[in-house]
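1. sequence and predicted model, in that order:
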Amino acid sequence: MTMKKFKTALTIAGSDPSGGAGLQADLKTFSALGVYGTTAIVAIVDENTQGVYGVHPVPETFVAGQIRSVISDIGADAVKIGMLHSSPLIRTVLSTLREYPEVTSIVLDPVMVATSGDPLLEPEAVATLRDELMPYCRVVTPNLPEASMLLGETVDSEDQFEDAARALSALAGGKVSVMLKAGHLEGTDTLTDIFYNAETGRALRLSSPRVDTRNTHGTGCTLSSAIAAWLARGADLDTAAARAKEYISAAAAAGAAYQTGRGHGPVHHFHGWWE
């Protein structure tokens, strides 16, 4: 009998005990989109919907071991990278992934600040992320503050978005595609993200109604892992970006009706399965 195989995605990220962000959000997203998820835990984070209270790093050698154990055994049709808090960790993840050149669909969420405003990336690691890891990835998914930090200039108006996305790609050698997220843009009823596809040289505008909700914990994790899930399933870049945008928009709209915790609650990852 021929055995079936799951499409697989590996998340390299921190653990969120409240379940709305980090690798927990990634695993929920992978599952909701029909992909078998695996993990390499880089840090245990003490956080909830109200804030981040501590980060306990996992030793770099142990992170590398997790990545090797998963890819050498199960493989990875795509990889999503989340919070990497230091330069040594960034370099460890990069050097370990380089051992598996067959893994090409790598999606980087350049997590620098939590939804609560708490910093998650050491300041000196920004350059390492930008100059060393970004060029190795297929897609990077910054929000406006992250894009501003990476570019060294403020990105805060919609007419800047396409140029900023192209500049971010050029900053990483011109080969990485960029999903520039508009969630931090104020005063608009519509959120229009820009997806610059570095493989075609074209930009795609992806719009959705703004949802009136404070339940935005883990939205960045969820969007990037949704892109990774669709890439794992064999979608092209534009399709993966568009379907990921549809998924996070629906998850945010469905999650707005719930109260989980006292701060920024999560989106509803399984909105397509249960209410």
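-> Now that the structure is in, tell me what you want to look at. The model shown is predicted, which means the values in this text are computed figures rather than measured ones. Numbering: from 1, shown residues only.
2. now Pro57: closest residue in space that isn't a chain neighbour?
-> Ala43 (4.9 Å; Cβ to Cβ, 6 or more residues apart in numbering). C-beta coordinates here come from the backbone N, C-alpha and C atoms, glycine included.
3. ok, how many other residues are close to the one you found?
-> Counted by other Cβ atoms under 10 Å, the residues lying close to Ala43 total 23.
4. now Glu199
-> For Glu199, using other Cβ under 10 Å, the count is 12.
5. how far away is Leu27 from Thr39?
-> To Thr39, Leu27 is 7 Å away according to Cβ to Cβ, to the nearest Å.
6. ah, wrong one, I meant Leu204
-> Per Cβ to Cβ, Leu204 is found 30 Å from Thr39.
7. touching, Arg166 and Phe195? I think so.
-> No: contact criterion Cβ atoms under 8 Å: Arg166 and Phe195 do not qualify, at 11.4 Å.
8. which residues are common contacts for these two?
-> Common neighbours of Arg166 and Phe195, counting by Cβ atoms under 8 Å, 6 or more residues apart in numbering, are 178, 203.
9. look at those two and report which has more neighbours.
-> Neighbours were counted for Arg166 and for Phe195 using other Cβ under 10 Å; Phe195 has more, 26 against 18.
10. which residues of the stretch 1-150 of the chain fall in strands?
-> For the stretch 1-150 of the chain, the strands defined by DSSP state E, counting those that start in this stretch cover 8-15, 36-47, 52-57, 78-81, 106-108, 139-140.
11. which residues of the stretch 101-250 of the chain fall in helices?
-> Assigned by DSSP state H, counting those that start in this stretch, the stretch 101-250 of the chain shows helices spanning 125-128, 144-151, 161-171, 219-232, 237-255.
12. I'd guessed Met179 sits against Asn143; true?
-> No: judged on Cβ under 8 Å, Met179 makes no contact with Asn143 at a distance of 9.7 Å.
13. which of these two has more residues huddled nearby?
-> Taking neighbours as other Cβ under 10 Å, Met179 and Asn143 compare with Met179 leading, 27 against 24.
14. for the more buried one, name its beta-bridge partners.
-> Phe195 (DSSP bridges).
15. and it, what does it touch?
-> For Met179, the contact set (Cβ under 8 Å, 6+ apart) comprises 139-142, 165, 193-195, 223-224, 227, 241, 244.
16. so what's the residue count around Ala226?
-> Residues near Ala226, counting by other Cβ under 10 Å, number 29.
17. kindly state the pLDDT recorded for it?
-> pLDDT recorded at Ala226 is 98.
18. can you start the count at 13 instead of 1 from here on
-> Sure, I'll start numbering at 13, so the last one becomes Ala238.
19. now it: closest residue in space that isn't a chain neighbour?
-> Excluding its sequence neighbours, the residue lying closest to Ala238 (Cβ to Cβ, 6+ apart) is Ala256, at 3.6 Å.
20. any idea how far that neighbour is from Thr41?
-> Taking Cβ to Cβ as the measure, Ala256 falls 9 Å from Thr41.
21. go on, Phe74?
-> Applying Cβ to Cβ, the value for Phe74 to Thr41 is 25 Å.
22. of those two, who's got more company?
-> Thr41 (31 against 14).
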